[in-house]
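Chemist: okay, here's the prediction I keep looking at, along with the sequence it came from:
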2 protein chains.
Amino acid sequence: MFRPRLALSPQLRLARVMRSSSGVATPKAPYWAVIFTSERTGVEEGYDEMAERMVELAKKQPGFLGVESARDTVGITVSYWRSEEDIAHWKAHGAHLMAQKKGKRDWYRRYTTRICRVERDYSFEKP
Amino acid sequence: MFRPRLALSPQLRLARVMRSSSGVATPKAPYWAVIFTSERTGVEEGYDEMAERMVELAKKQPGFLGVESARDTVGITVSYWRSEEDIAHWKAHGAHLMAQKKGKRDWYRRYTTRICRVERDYSFEKP
């Protein structure tokens, strides 16, 4: 049976690809995290589509473990990776380089990227 | 001259204590980051006040470098520290232990805490 695809807003689609209800299931530490904190310009055009495309592309990269993101005044996106080399590989990806360039030109007033080794972690979940 | 204090909402006061417009100014790497990702229950009572109190208290701890936070579906708070020992010290602080206990009982459906060594970072700011 044919089921029409629901038309979701880019924001909602982005939320879907970036979040799972139980957080990102990362393996036993050590692994790596990239903390990206940013403040946006007022420019919205093209942003949601690009963010969504980059998440979909990141998912296909070697060593990608997951990503989660939140924004109010400041935006924080954390992506998780198997190794530092995997992070370097993704940073140098052609389509990602283009997105970074557009980000600087149009979407971000400022940002900071921090490359981190996750030494340990612990979780809580309500029974 | 007497200037009356403006009455700000807890959320706005919290935003003020947690964010600066140019992000958290961390020192040259290596330093440490604690990535706290969470999903809330529906319980709001006491949360904003406690979050604000914990930020104010964290600021007074040895080795505290800064904190930033964003929430939409998921909440992400990243605090920055000089050393792993400073993080352990803050985790074991009496008032913070009480807040953690209340958090598990009332405010969080689930959370994950990741202790990370920031190996390097870079920033961009619009001229």
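Modeler: Yep, it's here.

Chemist: quick one: the helices in chain A, in order.
Modeler: Using DSSP state H, the helices of chain A run over A:10-18, A:47-59, A:84-91, A:94-102.

Chemist: worst average pLDDT in the ones you listed?
Modeler: Lowest mean pLDDT within these: helix A:10-18, at a mean of 60.

Chemist: just to revisit the earlier point, among the helices of chain A, which comes closest to chain B?
Modeler: Ranking those by distance to chain B, with CB to the nearest CB as the measure, places helix A:10-18 first at 5.8 Å. Where you see a C-beta, it was placed from the backbone N, CA and C, and this is true even at glycine.

Chemist: closest to A:A29 out of the helices of chain A?
Modeler: Nearest of the helices of chain A to A:A29, taken as CB to CB: helix A:84-91 at 14.1 Å.

Chemist: hmm, that closest one touching chain B?
Modeler: Yes. Using CB under 8 Å from any CB of the partner chain, helix A:84-91 reaches chain B at A:E84.

Chemist: again, but for stretch A:64-73
Modeler: Yes. Against chain B, stretch A:64-73 shows contacts by CB under 8 Å from any CB at A:E68, A:S69, A:A70, A:R71, A:D72, A:T73.

Chemist: B:R71 is in contact with the third one, correct?
Modeler: Meaning A:A70. Yes. With contact defined as CB atoms under 8 Å, A:A70 counts as touching B:R71 (5.3 Å).

Chemist: any idea what A:Y80 is bridged to?
Modeler: A:A33, A:G66 (DSSP bridges).

Chemist: what's near enough to touch it?
Modeler: A:V24, A:T26, A:Y31, A:W32, A:A33, A:F64, A:L65, A:G66, A:V67, A:V118 (CB atoms under 8 Å, 6 or more residues apart in numbering or on different chains).
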